[in-house]
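Trainee: Just to be clear, the model below is a prediction. Sequence and coordinates:
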Amino acid sequence: YGTIKQAVQAFKQGAFDYVVKPFDIEELKIVVSQGLEKRRLKAENTLLKEEFREKYNFSNMVGKSKSMGEVYTLIEKVSASDSTVLISGESGTGKEVAARAIHVHSHRKDKPFVSINCGALPENLLESELFGHVKGSFTGAVANKRGMFEIANEGTLFLDEFGNIPLSTQAKLLRVIQEREFRAVGSTVTQTTNVRLVAATNKDLKAMVAEGTFREDLYYRINVFPIHAPALRERRDDIPALAFHFLKSVCGELDKSVPEISEGA
């Protein structure tokens, strides 16, 4: 025979639900079932976070060369702050791996890590993905949609292929970085966001600024802490370790024992 005061106290102490007499047995079964499911999902989420952290720990990153050592040092240094990071490097140099490592070693590690490929979407869809949209704001907008800046709030937002963002979207992105505010496409409501931005590009943004294809003010806002991801030709010492890493990975998938790689190979 409950009271509001008791219910509030129970929820403050971590209760999943508060069942008042007289209650229906079937309804109680549903409440218990939902409580167990919530606990299962919480445990699963904790396990996934632990696996994520383990995967992007420095000890699991392949490469002991001098150039990779410099990358690890920079990641460790910038992870302790909320500085915006720009990771440059050719395609396939592990820019997203570096971005995830920054997140894992930061104080935001228990919050979302959200990734978006800015070069894979047309301009109108990119804005919708970044900022969200409201129902009816354009053809095909049949429901409200949350954007990445909202989903990644308190966590890390990784903007891959940053150099491919159109100039009109660059202006809106600059406002978010400066003001920590944004509006969903078609909305008049201003939302605030607290995300840590990590951007990556395989383009020379400084040259693009000179050409007029990239905003200078956005470049300086995003290039607060630069990290260069070296190409394999810049870290040839790591080739044997990388070769064995990929061999081991494939053997694991095929359930085979891992052979040695000969000196000749």
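Mentor: Perfect, thanks for sending it. Numbers count the residues shown, from 1 in each chain.
Trainee: Next up, the contacts around H245.
Mentor: H245 makes contacts with V62, as judged by CB atoms under 8 Å, 6 or more residues apart in numbering. Yep, even glycine has a C-beta here, placed from its N, CA and C like the rest.
Trainee: at 10 Å what do you get?
Mentor: H245 makes contacts with 60-63, 238, as judged by CB atoms under 10 Å, 6 or more residues apart in numbering.
Trainee: will you turn those residues into CSV that also has pLDDT?
Mentor: Shown next, in CSV, are these (pLDDT from 0 to 100):
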residue, pLDDT
N60, 63
M61, 74
V62, 80
G63, 83
D238, 91
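Trainee: from those, which is closest to S83?
Mentor: M61 (20.6 Å; CB to CB).
Trainee: The closest one against A98, yeah?
Mentor: Yes: counting by CB atoms under 10 Å, M61 touches A98, with 8.6 Å between them.
Trainee: Do you have the helices of the stretch 101-250 of the chain handy? List them.
Mentor: 123-131, 148-151, 167-179, 205-211, 216-222, 239-254 (DSSP state H, counting those that start in this stretch).
Trainee: Quick check: H103 touching E154?
Mentor: No: applying CB under 10 Å as the test, H103 and E154 come out as separate, 11.7 Å apart.
Trainee: Neighbour count for those two, which is higher?
Mentor: Remark: of H103 and E154, H103 carries more neighbours, 24 against 12, as counted by other CB atoms under 10 Å.
Trainee: and the closest residue to the more buried one other than its chain neighbours, bridged to which residues?
Mentor: Once flanking residues are discounted, H103 sits nearest to T156: 4.2 Å by CB to CB, 6 or more residues apart in numbering. T156 has the following beta-bridge partners by DSSP bridges: F113, R196.
Trainee: what's T156 in contact with, if anything?
Mentor: 82, 85, 99-100, 102-104, 106, 108-109, 111-115, 195-198.
Trainee: Now that we're looking at the residue nearest to P112 when sequence neighbours are not counted, what pLDDT does it have?
Mentor: In space, and not counting its chain neighbours, P112 is closest to G155: 3.8 Å by CB to CB, 6+ apart. We have a pLDDT of 95 for G155.
Trainee: for the chain, longest helix please?
Mentor: helix 25-55 (DSSP state H).
Trainee: F214 and A171 touch, don't they?
Mentor: No: in terms of CB under 10 Å, F214 does not count as a neighbour of A171; the distance is 11.6 Å.
Trainee: how about P122, what does it touch?
Mentor: Going by CB under 10 Å, 6+ apart, the list of residues near P122 reads P166.
Trainee: Also N144?
Mentor: 132-137, 184, 186-187.
Trainee: R215 too?
Mentor: Per CB under 10 Å, 6+ apart, neighbours of R215: 165, 167, 170-171, 173-174, 205, 208-209, 221-222.
Trainee: List the contacts of stretch 6-20.
Mentor: Contacts to stretch 6-20, defined as CB under 10 Å, 6+ apart, come from residues 1-4, 27-28, 30-32, 34-36, 38-39.
Trainee: Neighbour-wise, which one of these leads?
Mentor: If you rank the contacts of stretch 6-20 by neighbour count (other CB under 10 Å), V31 sits at the top with 15 neighbours.
Trainee: what pLDDT does that one get?
Mentor: pLDDT at V31 comes out at 88.
Trainee: cool, K135 as well?
Mentor: On the pLDDT scale, K135 gets 89.
Trainee: Could you do E263 as well?
Mentor: pLDDT, E263: 87.
Trainee: any idea which helix or strand carries it?
Mentor: For E263, there is no enclosing helix or strand under DSSP states H and E.
Trainee: Within its local environment, how many residues does it see?
Mentor: 6.
Trainee: Can you name the residues that contact it?
Mentor: P240.
Trainee: returning to that earlier point: what angle do helix 239-254 and the next helix or strand after the longest helix of the chain make with each other?
Mentor: Downstream of helix 25-55, the next assigned helix or strand under DSSP H and E is helix 66-79. Angle, helix 66-79 to helix 239-254, by axes from the mean of the first three to the mean of the last three CA atoms, to 10 degrees: 70 degrees.
Trainee: Report all helices and strands that the next helix or strand after helix 66-79 contacts.
Mentor: Following helix 66-79 in sequence order, the next helix or strand is strand 85-88 (DSSP H and E). Applying 3 or more CB pairs under 10 Å, 6 or more residues apart in numbering; DSSP states H and E, we find strand 85-88 packed against helix 66-79, helix 95-104, strand 156-160, strand 196-201, helix 205-211, helix 216-222, strand 225-228.
Trainee: Great, nothing more from me.
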